[in-house]
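Trainee: Predicted model and sequence follow; I will ask about them next.
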Amino acid sequence: MKLTEQTVLITGATSGIGLALAARLYEMKNTVIISGRKQERLDEIAAHYPRMDTFCCDLQQEDGRVALAGWAINRYPKLNILINNAGLMKVSDFTAEVPFEKIAEEITVNLLTPVHFASLFTEHLQQQENAAVVNVTSGLAYTPLATVPVYCATKAALHSFTYSLRHQLRETSVKVFEIIPPAVATDLGKSDGYEQNRSMAMKLEDFTNDCIHRLENDEYELGIGMAEKLQAEREGLFQMLNPDS
Ligand SMILES: NC(=O)c1ccc[n+]([C@@H]2O[C@H](COP(=O)([O-])OP(=O)(O)OC[C@H]3O[C@@H](n4cnc5c(N)ncnc54)[C@H](OP(=O)(O)O)[C@@H]3O)[C@@H](O)[C@H]2O)c1
């Protein structure tokens, strides 16, 4: 995929992986549009990257998702790459009742949003050359971490949806990618008390370098670092259990 002079929308780019990808794509002379919930944070980022455009919305809300899609397509008729990156991870213990709002937020942002965006954006994207949908899943889509069960389930479902979307769009101009991150040094889950082992986490810069390089090389399922191992081991086990497949 060509990653210069393109028009790219990245959701959840006020921090972490989204912001790192946005900054790199900006440096590579793309038109970059980012979204997030915090206007103040978006303004700070726009001050730092003057050619970057921003849109503030809560992806939990249907009208927020529809507003972002409508605004982006109208304002940027050449928009050709959508990166569904926004996500959150919550610690949930199902030995007791888990608040419904907590479960719904995780499923809505991590899974419902990229599925809804596939529906809202693909007609527009098919009119563009070199178009792409890039969904950010997780190594935990392949092997769950039981303390964050809803998160893992959303990412496993997003992996499945991405696979189907790639198949449905195979005769169109739209390529469908899945970025499968390992543990990367960001604040994901921190607000819910999740403590990341930073010594095990990949540096954001190394992660971004690998992502960009492999997207440019049209790798459709980018298992990065440790996530590549989880992906390969699952495929190995599948072959072992299904020797005739
Ligand atoms: N870091 C890792 O170890 C890791 C591993 C595997 C996969 N991933 C995936 O990578 C993606 C980025 O995560 P990250 O590590 O960079 O975490 P992060 O720094 O916490 O970034 C998450 C982003 O999602 C946005 N977001 C969350 N809820 C939202 C909502 N309701 N509406 C709009 N935006 C919302 C946040 O923006 P606001 O707070 O401004 O709204 C933020 O920009 C996620 O999909 C995550 O699952 C991360």
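Mentor: Good, I have the coordinates.
Trainee: Residues in a beta bridge with Ile33, which ones?
Mentor: Leu9, Asp53 (DSSP bridges).
Trainee: For the protein, which element, helix or strand, carries the lowest mean pLDDT?
Mentor: Counting by mean pLDDT, DSSP states H and E, the chain has its least confident helix or strand at helix 226-241, which shows a mean of 83.
Trainee: Any chance you could list what contacts that helix?
Mentor: Here helix 226-241 makes contact (C-beta atoms under 8 Å, 6 or more residues apart in numbering) with Ser138, Gly139, Tyr142, Thr143, Ile180, Pro181, Pro182, Ala183, Met202, Glu221, Gly223, Ser245. Any C-beta I mention is one placed from the backbone N, CA and C, and that applies to glycine too.
Trainee: Would you point out the most distant pair within those residues?
Mentor: Using C-beta to C-beta, the contacts of helix 226-241 span at most 31.8 Å, a distance reached by Met202 and Ser245.
Trainee: These two: which is more packed in?
Mentor: Neighbour count, other C-beta atoms under 10 Å: between Met202 and Ser245, Met202 has more, with 18 against 6.
Trainee: State the phi and psi torsions of that one.
Mentor: Main-chain torsions, Met202, degrees, to the nearest 10: phi -70, psi 140.
Trainee: Same question for the one 5 residues further on.
Mentor: When read as degrees, to the nearest 10, the backbone of Phe207 gives phi -60, psi -50.
Trainee: The nearest residue to Tyr194 once chain neighbours are set aside: neighbouring residues, count only.
Mentor: Nearest non-adjacent residue to Tyr194, counting by C-beta to C-beta, 6 or more residues apart in numbering: Val91, 5.5 Å away. Using other C-beta under 10 Å, Val91 is surrounded by 17 other residues.
Trainee: Hmm, Val91 is touching Asp192, no?
Mentor: Yes - if you go by C-beta atoms under 8 Å, Val91 and Asp192 touch, sitting 5.4 Å apart.
Trainee: The residue nearest to Tyr194: what's it in contact with?
Mentor: Taking C-beta under 8 Å, 6+ apart as the criterion, Val91 is in contact with Thr147, Val148, Gly189, Asp192, Gly193, Tyr194.
Trainee: Can you identify each of the strands in this protein by residue range?
Mentor: Here the chain has its strands, by DSSP state E, at 7-10, 31-36, 53-56, 81-84, 131-136, 174-180, 221-223.
Trainee: Including distance to Leu237, could these go into JSON lines?
Mentor: Formatted as JSON lines, the strands of the chain follow (distance: least, C-beta to C-beta, whole Å):
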{"stretch": "strand 7-10", "distance to Leu237": "34"}
{"stretch": "strand 31-36", "distance to Leu237": "38"}
{"stretch": "strand 53-56", "distance to Leu237": "42"}
{"stretch": "strand 81-84", "distance to Leu237": "28"}
{"stretch": "strand 131-136", "distance to Leu237": "24"}
{"stretch": "strand 174-180", "distance to Leu237": "17"}
{"stretch": "strand 221-223", "distance to Leu237": "15"}
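Trainee: Need the winner for burial among those strands.
Mentor: strand 81-84 (a mean of 27; mean count of other C-beta atoms under 10 Å).
Trainee: strand partners of that one, parallel vs antiparallel please.
Mentor: strand 7-10 (parallel), strand 131-136 (parallel).
Trainee: Quick one: closest of the ones you listed to the ligand.
Mentor: When the strands paired with strand 81-84 are compared by C-beta to the nearest ligand atom, strand 131-136 sits nearest the ligand, at 4.4 Å.
Trainee: List the buried residues of stretch 189-208.
Mentor: Gly189, Tyr194, Gln196, Ala201, Met202, Leu204, Phe207, Thr208 (16 or more other C-beta atoms under 10 Å).
Trainee: same question, stretch 57-72
Mentor: Cys57, Leu59, Gln60, Gly64, Arg65, Leu68, Ala69, Ala72.
Trainee: I appreciate the help and will end here.
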